[in-house]
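I'll drop the sequence and a predicted model, then ask my questions.
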Amino acid sequence: MLTSSLARRTLRLPRLARGLAHSRPKLPLVYSEEVLDALESGKPVIALESTIITHGMPKPVNLKTAESLESIIRSSDAVPAHIALLGGVPHIGLTSAQLSHLALEAKDVVKTSRRDLPGVMALKKDGGTTVAGTMLLAQEAGVKVFVTGGIGGVHRGGERTWDVSADLTELGRTNVSVICAGAKSILDTGRTLEYLETQGVTVATIGDSPDFPAFYSPSSGFQSPLHLLTPELAAAVTFAARPLSSGQLYCVPIPATHHAAGAEIQRAVEQAVRESEENGIAARGKEVTPWLLARVGELTKGQALQNNIALIENNARVGGRLAVELARLEQEEKAKEQEDARRLYPSASPFGPRGFPPRARAPPRFSPPTRIAPSEDADATSAEEHPRARLVIVGAAAIDITSTPSVALPSELTETTHPGRVQISAGGVARNMAEAAHRVLRQTGRPPILVSPIGKDAFAGVVRRDMEERGMRTDGLIDGYTATPVVSLMLDHKGSLREGVADFRAVEELQAEKVLEVVKKHDPRVIAFDGNIGPGAIEELLRHAHSNDIETFFEPTSVPKSLSIIPALTSLLHSASPTRPPLTHISPNLLELTALASAARSSGLTDLPAHWAALDALSITPAFRSQVDHCLSSGGDCGSWMTDSGLVQMAVQLLPAVGSVWVKCGERGVVFVGRFEEGKSWEGEQSGREKRQVVHRAGDGVVVVKHFPALKIDEGGIKNTTGAGDSFSGALLAALSLAGVHDRERLEKVVALAQDAAVLTLGSDSAVSPRINFLSEGVA
C-alpha cells in the first residue's frame, strides 16, 4: 500500500470541485486509472452497479457477467466503471483483481443504497451499490450514463405497505441517465410509472415499440410517455436535460430471441410473489427482491438467469451508443464555446477574465478530476493560442508497439506469424516527462511544451491525437521527418522482453535551429532534454540557455544515451571558464551515473583546467568524506551501499560541469548532490545523520548531499516500472519551472512531489499515472 499521507492525497477531489459555494464535505472517491484517464480526456464513461455481482447472481456467473459487460462497453469505444465500496471507500471503476475479490471472495458485503453509505463507509465494509447508490456515486464522479438490468419500483400492495424503492426517489433528484429493461417484473408497473411521473423523471422506451418493458417481457401492458427509435436520440434528450436535477430512465426491451421464454418466466414470477406473501418475505424490505429473483431462478431452472444476462448485455450495447453520442455532443458544444471565446478574446487566452469561456457554464458541482489548460481543443499548430511556456521539454515522442504471443514460442525463428495480442501506445522519455509535468502544472495556466519531431506517417497522427486527448499542447511538434519514432517490442507469452527494434532516426537528426525556433517563442525558466537527441543539438541548446540565463535539465534515458551529454560539457568547459556550470540539472540512475563519471574521465573532461579550478573551489577535503561516511553511510537506514557504490564521489566529480545531480536509486530512494553559489539560504543548516544530509561550506557557496528514502509501496501493487523515472523527472521539472531550489525546505518539498509522482505511476497501468493530477493542488 502507499504511505498513508500519499493515500489520503490521492483520494481528494481537486480544488475546482471543492472550491465552489457548496460547503458540505465531498465523498472521498477513488478512481481506477482507466476511468480517471477517460474523465480527464473527455471519453464516454458508463457506470455499472455492483449489487448484480454481490447479491444478484450466483458465483462464478456474476464475475463472468461483469467481465462481459465491461468488454461490450469497451467495444463501443466507451469506458466501463463498476461502482462499489471497498473497505468503506467508494471506488469509481474496479481493477480485475478488485472485481474478482468482490464477486468471489468478499464476505458480508452490504447491499448499499443512499441511506447505507454512511454506515458502510464508517465501518469500513465492502458494499455492493444498488441502482440508487450507483446513481449517487456516479453523479459525484461526473459519470452521466449508467447501465443496469432493471430498476426497483413500487412493490405490489405498495398502496398499503408504502414499500417503494429508493431507486425512484433517486431518479427524481439525481441527473444521471439510466438504461435498463424497465422495472423488475415482480413489481407494480402502473404505480411505478405514476411515481416516476410525480418525481419528474423523463421515461422513454428505446426501440421499435413504445411499450414499457417488464424486464423479462418486452411489454408490461403500459406505454412509456416518450418513444425514441435510437440510442442517439436518447443522447440528445440527455444532452437537453443537463440543466435539470432529475434523471432520465431509458427502457430497452429484452432481445427478440428471448421473448418466448418471457411468458414462462412471468408465470414463475407470479408464483414467487404469492409465495413471498404467504411466508412473510414480502414484508422484509430490501430482502424481498433478492429472495424473489432467487426463487424465480429455481422455478425456471436457470432460464431466468440466462434471460437476465441477455437483457443486461443488450442494455450495455445500447448504453454504449448513447454514451458515445452524448460525448460527441458535449465535445461539439465545447468546441463552439471555445471558438466563440477566441472571437471575443483574439489576442489573449481563449478563457475569459474569470477563467471560463464567456457564456460557458461553471463546472459541475462535483466535477471529476479536471484539467485546466487553455485551448484544449484549439488548433494545435497555432502557438498564439497558448500562453508562453515556462518549461520546454525536447526529445522523443514515440509510438510503442508491443506484441505478446498467446503461447510459448520456439527458441528458433519460425518465419511465420503467431496468435497473440498487439498493443499500441504513446511513449518516449520526453513525452512521458511532458505528460507528468502537464498533470502537475494543470492548474497553473502555464502548461509545458514538448518539442519533438514526427514523421509524415500514420503514427504522427496517433502521437498528436494522444496528446490532444490528454489536454497536452501539441504546437511544439515538428513534422516533416521521414518516420515518427517507433519502438517495436516482441515479448514472450509471460510478458518478458524477447527482442525489439527502435527507430529514433528523427530524434537523432533533429536540428538545433528547429528546436530554437520554438524555444525563442517562449519564456522558459527551464529547458529539458532527453538522451535521444544528438550531441550537436545538445551543445547548441546548452549554449543558448547559458547565454540567456535559462536553467537546463538532462534526462539520460539509458546508459548508452547518457553519454551524449559528455561532448557538449567538454566543449563548453574547454572553450570558456563559465561562472556557473554549463548544465544546471541531471537526473541519472546509479548505472547511468557510473557511466557518466567514467566517460568524464576517459574523454578528458576531468583533466580540463576549468574542471580542476571549479573542483578546487569546492574544497573537497578528507573532512567532507568523513561527513559523508558518518551522516549517510554508517548505520541508520542507508547502510553501506552509498559508500560501496561511490555515488557521492562520482556525483561530486560532475559538479564542475553540472550544478545539481539528482540520482534515482530505486528502492533506496533519491540522493541529491548539488552546489549553491549563495550559501546564505543554508545558514543554520548542519550536517547530520538524522536529517540524512551533509552541508559542506566552501567559500561563499555550499555543497549539499542529501538522501531521501523511498516511499513505501507494496510490491504486489507495482504494475509499471518503466514510467516511474520519467514521472519523477517530469514532476521535478514542473516544480523547477515554478521556482528554483535554494534551501532545505524547498528541496524537500520538490523531492516529495517527484517521489509521489513516481509512486503513483508504479501502481498504474499507464506510462504516466493519471492520478498525478491530484498532485497539482497547491503546487508552487
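Arrived safely, thanks for sending.

Now do the helix ranked longest in the chain: distance to the chain's middle.
Assignment by DSSP state H gives helix 303-344 as the longest helix of the chain. Its chain's C-alpha centre and that of helix 303-344 lie 21 Å apart, by C-alpha atoms, centre = their mean, to the nearest Å.

helix, strand or coil for the closest residue to Gln303 other than its chain neighbours?
Counting by C-beta to C-beta, 6 or more residues apart in numbering, Ala261 is the residue found nearest to Gln303 once chain neighbours are left out, at 5.4 Å. In short, each C-beta sits where N, CA and C put it, glycine included. Recorded secondary structure, Ala261: helix (DSSP: H, G, I helix; E, B strand; the rest coil).

And the pLDDT for Ala261?
With respect to pLDDT, Ala261 has a value of 75.

ok, now how distant is it from Leu299?
Applying C-beta to C-beta, to the nearest Å, the value for Ala261 to Leu299 is 12 Å.

who's in contact with the residue nearest to Ser41 when sequence neighbours are not counted?
Nearest residue to Ser41, sequence neighbours excluded (C-beta to C-beta, 6+ apart): Glu469, at 4.1 Å. Contacts of Glu469 were listed using C-beta atoms under 8 Å, 6 or more residues apart in numbering, and they are Ser41, Gly42, Lys43.

which intervals of the stretch 251-400 of the chain have sub-threshold pLDDT?
262, 283, 285-286, 289, 338-385 (pLDDT under 70).

any idea which of the contacts of Glu469 is closest to Ala430?
Checking the contacts of Glu469 against Ala430 with C-beta to C-beta, the nearest one is Ser41 at 20.1 Å.

Is it correct that that closest one is in contact with Gly471?
Yes. Ser41 lies in contact with Gly471 (C-beta atoms under 8 Å); the separation is 7.1 Å.

what about the two, which has more around it?
For Ser41 versus Gly471, the count of surrounding residues by other C-beta atoms under 10 Å is larger for Gly471: 22 against 16.

wait, doesn't the more buried one sit right on Gln443?
No. Because the distance of 12.0 Å does not satisfy C-beta under 8 Å, Gly471 is recorded as not touching Gln443.

any common contacting residues for these two?
By C-beta under 8 Å, 6+ apart, no residue touches both Gly471 and Gln443.

before we move on, the earlier item: dump the contacts of Glu469 to CSV, plus pLDDT and secondary structure.
Formatted as CSV, the contacts of Glu469 follow (pLDDT from 0 to 100; DSSP: H, G, I helix; E, B strand; the rest coil):
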residue, pLDDT, secondary structure
Ser41, 79, helix
Gly42, 84, coil
Lys43, 90, coil
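
and which of these is nearest to Trp612?
Distances from Trp612 to the contacts of Glu469, taken by C-beta to C-beta, are shortest for Ser41, at 52.4 Å.

Distance check, that closest one against Pro770.
9 Å.

Need the per-residue pLDDT for Leu104.
94.

what's the answer for the one 3 residues further on, then?
Looking at Lys107, its pLDDT is 91.

any idea which element it lies in?
In the assignment (DSSP states H and E), Lys107 maps to no helix and no strand.

Where does the residue lying farthest from the centre of the chain fall, secondary structure wise?
Most distant from the centre of the chain: Glu278, at 52.5 Å, with distances by C-alpha atoms, centre = their mean. Glu278 is part of helix 259-279, with elements assigned from DSSP H and E.

buried stuff in that helix?
Within helix 259-279, the residues scored as buried using 16 or more other C-beta atoms under 10 Å are Ala261, Gly262, Ile265, Gln266, Ala268, Val269, Ala272, Val273, Ser276.

Same question for stretch 314-330.
314-327, 330.

The residue nearest to Ser41 and Ala38: what is the separation?
10 Å.

now Met433
Following C-beta to C-beta, the distance that separates Met433 from Ala38 is 23 Å.

go on, Val109?
Applying C-beta to C-beta to Val109 and Ala38 gives a distance of 26 Å.

Over to His91?
15 Å.

got it, and Arg675?
45 Å.

Can you classify the closest residue to Ile566 other than its chain neighbours by secondary structure?
Excluding the flanking residues, the one nearest Ile566 by C-beta to C-beta, 6+ apart is Ala599, at 4.8 Å. Secondary structure state of Ala599, per three-state DSSP, is helix.

what sits against Ala599?
Leu563, Ile566, Leu605.

Quick check: phi and psi at the last one.
What that stands for is Leu605. Backbone torsions of Leu605, given as degrees, to the nearest 10, read phi -60, psi -40.

Give me the pLDDT for it.
pLDDT, Leu605: 92.

isn't it right next to Ser571, touching?
No. Leu605 is beyond contact range of Ser571, at 9.6 Å (criterion: C-beta under 8 Å).

neighbour-wise, which of these two wins?
Set side by side, Leu605 and Ser571 show more neighbours around Leu605, with 23 against 17, by other C-beta under 10 Å.

Against Ser547, how distant is that one?
Distance from Leu605 to Ser547, by C-beta to C-beta: 21 Å.

Low-confidence bits of the stretch 551-700 of the chain, can you list those?
In the stretch 551-700 of the chain, residues with pLDDT under 70: 575-579, 633-639, 678-680.

For it, just list every one of the strands.
All strands of the stretch 551-700 of the chain, identified by DSSP state E, counting those that start in this stretch, fall at 551-555, 583-586, 658-664, 670-676, 693-698.

can you tell which of those strands is closest to Asp644?
Of the strands of the stretch 551-700 of the chain, nearest to Asp644 by C-beta to C-beta is strand 670-676, at 13.5 Å.

what's that closest one in contact with?
Counting by C-beta under 8 Å, 6+ apart, 618, 642, 647-648, 651-652, 655, 659-665, 682, 698, 701-708, 710, 728, 741-742, 747, 751, 754-755 sit against strand 670-676.
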